[in-house]
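Starting from these lines, generate the structure:
(one chain, ligands or ions: 1)
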Amino acid sequence: MPFEIVRNDITRMRVDAIVNAANNSLLGGGGVDGAIHRAAGPQLLEECRALGGCKTGEAKLTRGYRLPCKYVIHTVGPIWRGGSEGEEALLAVCYRNALAIARQQGCDSVAFPLISAGVYGYPKDQALRVAATEIERFLQEADMMIYLVAYTRDAIVPDARLFGEVAAYIDDVYVREHRDFGREARRSQYLRDGAPRGVPDPGSLFRRPHREDNARNETVFSEANVERLTALQGETPEDAQTRTAETFSEMLIRKLEEKGMSDMACTARANVDRRLFGKIRNNAGYRPAKQTALAFAIALELSLEEARELLVKAGFSLSHGDKRDIVVEYCLINGHYNVTSINEILFKLDLQPLGY
Ligand code: AR6
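The predicted structure follows:
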């Protein structure tokens, strides 16, 4: 997975380089800076002394000494002063400069803390947006494994509106499923004890829709999908047969062509390693992991119906028994097609991310 949010102490990350959220002196401090200097040992401070400080937004390289990484890239984030003093541009440039140094050094993997989101007071949600935007942009043209390391789950604050909507949808699905179970329980009681008093239509107790049907009804009545379904219904029997015989890889390539999306754009959007994408492209029978199939469904902006079709070809289905599937289902129905934002929500909910 080229971009992943992980929960860890950054000083434990086994990567080529970790990034330090330092101050202008580069002589150590609190927060992640203090932790990095403690773990690396006094030689790091010695090398830092020779660097002559670092301006806000710039980045400088040292070795990693006792740390499990080869390098530490020190950068200085802006102090939050309300947002009108160029903080966003300065924070973005921290990520860009640090990533440029990592690339110059030939790093395959880099771990970032959420720069400026601690002592420097940058609002966590906004700091995350800047980090994710810059990392995504970089990955559109570079191959690197980039970790955003959160010390605590609280450090990651996803978009509040989307998170609220997803949480409400999960609740709805759970309530609906729960209601079904209640009906099932009453049905058993009815069969055991006879008709309960005050229930005029005992037949209704038996009308428990299949759970899959519930989800399918949503698809049918979701306005966004009516158009796509109509298009599907309009296909010839030959087209339908060809579509059914298609493998995962073939459907993926067809969708890419239909959408006019390049392989590069698709891998970046799906958070999928380019080498894996090459394997899928060159092997018509390739079956990806579920997290990868889901990521492609989002990256290709599929309807719920098309996503189900793509998943079946990989040997999977969307299940209401899996919270991650419910999150993805919500995003497909409502056209939220950003894998990075979805992964932020999955991280917050302690669920496995999408991509590979
Ligand atoms: N691993 C991963 N993340 C961490 C760790 C760790 N070991 N420790 C803290 N964080 P901060 P800043 C997170 O304050 O806001 C220093 O004194 C933390 O939860 O370290 O850029 C420097 O010398 C937060 O999300 O950096 C500067 O004076 C993020 O790292 C000043 O702080 C950044 O918090 C820089 O402030």
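
C-alpha only now, for contacts and for neighbours.
Will do.

Residue numbers of the stretch 51-200 of the chain in contact with the ligand?
Taking CA under 6 Å from any ligand atom as the contact definition, the stretch 51-200 of the chain meets the ligand at 77, 113-121, 149-151, 155.

Distance of the closest residue to Gly285 other than its chain neighbours relative to Arg81?
Spatial nearest neighbour of Gly285, chain neighbours left out: Thr247 (6.3 Å); criterion: CA to CA, 6 or more residues apart in numbering. Separation of Thr247 from Arg81 (CA to CA, to the nearest Å) stands at 54 Å.

of those two, who's got more company?
For the pair Thr247 and Arg81, the greater number of neighbours falls to Thr247 (19 against 12), based on other CA atoms under 10 Å.

okay, and the helix or strand of this structure with the least pLDDT?
One helix or strand of the chain scores below all others by mean pLDDT, DSSP states H and E: helix 211-221, with a mean of 39.

Now the strand or helix carrying Asn97: buried residues?
Taking DSSP states H and E as the criterion, Asn97 maps to helix 87-104. Judged by neighbour count (16 or more other CA atoms under 10 Å), helix 87-104 contains these buried residues: 87-88, 90-99, 101-103.

Extract the C-alpha set from that helix and format it as PDB.
Included here for helix 87-104 are C-alpha records, laid out as PDB according to Å, rounded to 0.1, in the frame of the first residue of the first chain:
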ATOM      1  CA  GLU A  87       0.500  28.200   7.500                       C
ATOM      2  CA  GLU A  88      -1.100  25.900   5.000                       C
ATOM      3  CA  ALA A  89       1.500  26.700   2.300                       C
ATOM      4  CA  LEU A  90       4.300  26.400   4.700                       C
ATOM      5  CA  LEU A  91       3.100  23.000   6.000                       C
ATOM      6  CA  ALA A  92       2.600  21.700   2.500                       C
ATOM      7  CA  VAL A  93       6.200  22.700   1.600                       C
ATOM      8  CA  CYS A  94       7.500  20.800   4.600                       C
ATOM      9  CA  TYR A  95       6.000  17.600   3.100                       C
ATOM     10  CA  ARG A  96       7.300  18.400  -0.400                       C
ATOM     11  CA  ASN A  97      10.800  19.200   0.800                       C
ATOM     12  CA  ALA A  98      11.100  16.200   3.000                       C
ATOM     13  CA  LEU A  99       9.800  13.900   0.200                       C
ATOM     14  CA  ALA A 100      12.200  15.500  -2.300                       C
ATOM     15  CA  ILE A 101      15.100  14.600   0.000                       C
ATOM     16  CA  ALA A 102      13.800  11.100   0.500                       C
ATOM     17  CA  ARG A 103      13.700  10.700  -3.300                       C
ATOM     18  CA  GLN A 104      17.200  12.100  -3.700                       C
END
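
what element comes up after that helix heading to the C-terminus?
The helix or strand immediately downstream of helix 87-104 is strand 109-112, counting by DSSP H and E.

List the contacts of the following helix or strand past that following strand.
Counting by DSSP H and E, the element after strand 109-112 in chain order, helix or strand, is helix 124-139. With contact meaning CA atoms under 8 Å, 6 or more residues apart in numbering, helix 124-139 is reached by 2-3, 88, 91-92, 95-96, 99, 114-117, 146, 155-159, 268, 340.
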